[in-house]
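>>> quick one: sequence and predicted model below, then my questions.
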Amino acid sequence: MLDAVVTGFGHLLSLQMIGLMLLGVVLGSFFGATPGLGGHIGVALMIPFVFGMDPYLGLGLLLSLHAVVHTAGSIPGILFAIPGTTPTVATIVDGYPMTQQGRAGVAMGAQLTASAVGGVVGAVVLAALIPILQPIALAMGSGEMFMLIVLGLTFIIVISRESIPKGMLTALLGLGLATVGLEEHSGVGRFVFGQLWLWDGIHIVTVVLGIFGLAELTHLGARGGGGQIAEAPADGTELDFGLDRGQLWEGTRDVYRNWWLTLRTAVIGTVIGIIPGLGGETSTWICYGHAAQTEKNTENFGKGDVRGVIAVETSNNAKEGGGLLPTLVFGIPGSSGLAILMGGMMILGVAPGPQMLTEGLDMIWFLVFVLVISNIVAAAMLFPISGYMAKLAYVRGSMLIPAILVVIAVGSFAIGGLWQAIILTFVFGLLGYGMKKWDYPRAPLVLGFILGPMAENTLKKALGTMGAGFLTRPAVLVLLALAIISFVVSIRREFGGGKKMQGGSE
């Protein structure tokens, strides 16, 4: 274990790694603070450029970008009531009233510090769980892995907050797309329609760039008015972009004055992140409600209480450490953002699964250190420039769309050198835009696309070694029962008149 920790940390000590992580933090801050973009498109755009890189360098860039998106995403929310990312909506409840009261600097200082603390706590909890999970992971065979993937597929239903039938339909589409190409064992072509370029299947980069990246750009451009990302505040509020440094430090001190709340919500956020499908919105609102119910003198909650900002922001970043756990150890992405990151891992030759706890333990520790460092660096970097970053809320989409379109086209072509991939990316972009417009969740499609081949391979291995008898193994039966319970509870919530789960990971 100690050797893995030292080796993992050693991968951080090169100038190239430091430079890539800093680039990731800058890009993550840009995509997070620009409403209408977000982390999905940021990670998706970077995946083609890490292709062929050393796995540590590539993942250092991708994870540092992903880890800090929500840190910057709260900036326009606090200053203008315009959330940069969906999970930061809860920050507005108390953050924007503080701005209206002339305490924007306090809210910003608390937000940045709480985000950094939450990210560090999430990484620490992830590290603490590694020794506990090692014996469990080592005891899992192909049968258990297949049933674990089946359980993961049931979480697709859970994250389909718009509609379970729509989520199931998009998941089935993802599973179908994953079968395109030559079958691994027999060499028989499936859905290739005589096209040689489809023999290798559809690349995850093509799917992600289209479904998320191009779809978001199309949605942005369809708004009209040059793709204006955010409108000016209706009340004509004018803000001083240079926030008062004294207030920033006061907000930082507030985090430590409320250390017990900070720690509680960070742990709660991490635990929620471990459960695939619950996502960022669920984490932030649960922790906000927890703070409002457990703290003293809560009459100012919703009116500009810094504790509301602290509770939301610690959980928001802590959940990323929790979400990495099922992603790395069981190959089940904790959210749609981590599903895209998992696609990047597979492109870099890193196969998530129980073997990570034996063969790739140094990689896990490396990612823990990346989480810690990127969260701290992001907070330190944004502290003096957070007010100026808010100007990104008023960048016109017409300035961004052409450049990002070029990046998407180049990225699609670079993976396999196929012009057909560019066309396919644009087809997926239209599909993703239609899904967004008509409220079809996109995360289930990506999860189905990633988990489908894993399910097929593990099932074949299980049948080849044990036959149908693998279904009688105790661990398999327990996982099957959990999958059935998850499915039944979700269906009852949808059709039984119960309240649908709010939140999700898209």
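Yep, it's here.
>>> okay, CA-based contacts and neighbour counts for the rest of this
Will do.
>>> correct me, but residue 407 touches residue 45?
Yes. Under the criterion of C-alpha atoms under 8 Å, residue 407 makes contact with residue 45 at 7.1 Å.
>>> these two: which is more packed in?
Legend: neighbour count by other C-alpha atoms under 10 Å for residue 407 and residue 45, higher for residue 45 (25 against 17).
>>> need the contact list for that one.
Residues near residue 45 by C-alpha atoms under 8 Å, 6 or more residues apart in numbering: 209, 213, 407, 408, 411.
>>> quick one: which of those sit in helices?
Using DSSP state H, the subset of these located in helices is 407, 408, 411.
>>> what's the neighbour count on residue 183?
Using other C-alpha under 10 Å, residue 183 has 14 other residues around it.
>>> got it, and the one 3 residues further on?
Residue 186 has 7 neighbouring residues, counting by other C-alpha under 10 Å.
>>> same list, the ones in helices among the contacts of residue 45, but as JSON lines with distance to residue 197 please.
What follows is the ones in helices among the contacts of residue 45, written out as JSON lines (distance: C-alpha to C-alpha, whole Å):
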{"residue": "407", "distance to residue 197": "22"}
{"residue": "408", "distance to residue 197": "19"}
{"residue": "411", "distance to residue 197": "17"}
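>>> could these go into TSV alongside distance to residue 349 and pLDDT?
Listed next are the ones in helices among the contacts of residue 45 as TSV, based on distance: C-alpha to C-alpha, whole Å; pLDDT from 0 to 100:
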residue	distance to residue 349	pLDDT
407	23	77
408	22	80
411	18	75
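>>> which of those residues sits closest to residue 347?
Nearest to residue 347 among the ones in helices among the contacts of residue 45: residue 411, at 13.1 Å, using C-alpha to C-alpha.
>>> how close does residue 79 sit to residue 253?
Counting by C-alpha to C-alpha, to the nearest Å, the gap from residue 79 to residue 253 is 20 Å.
>>> these two: which is more packed in?
Neighbours of residue 79 and residue 253, each counted by other C-alpha under 10 Å, are more numerous for residue 79; the result is 30 against 16.
>>> related to what we said a few turns ago, would you point out the most distant pair within the contacts of residue 45?
213 and 411 (11.3 Å).
>>> in terms of packing, which of those two has more residues around it?
A direct count of neighbours by other C-alpha under 10 Å for residue 213 and residue 411 places residue 213 higher, at 28 against 25.
>>> closest to residue 287 out of the contacts of residue 45?
residue 213 (30.1 Å).
>>> which strands and helices sit next to the helix or strand harbouring residue 94?
Using DSSP states H and E, residue 94 sits in helix 89-100. When contacts are defined as 3 or more C-alpha pairs under 8 Å, 6 or more residues apart in numbering; DSSP states H and E, helix 89-100 sits against helix 75-80, helix 104-138, helix 279-294, helix 306-329.
>>> list the buried ones in the longest one?
Burial within helix 104-138, assessed by neighbour count using 16 or more other C-alpha atoms under 10 Å, is assigned to 104-127, 130, 134, 137.
>>> please enumerate the helices of the stretch 351-500 of the chain.
361-389, 397-416, 419-437, 443-466, 474-495 (DSSP state H, counting those that start in this stretch).
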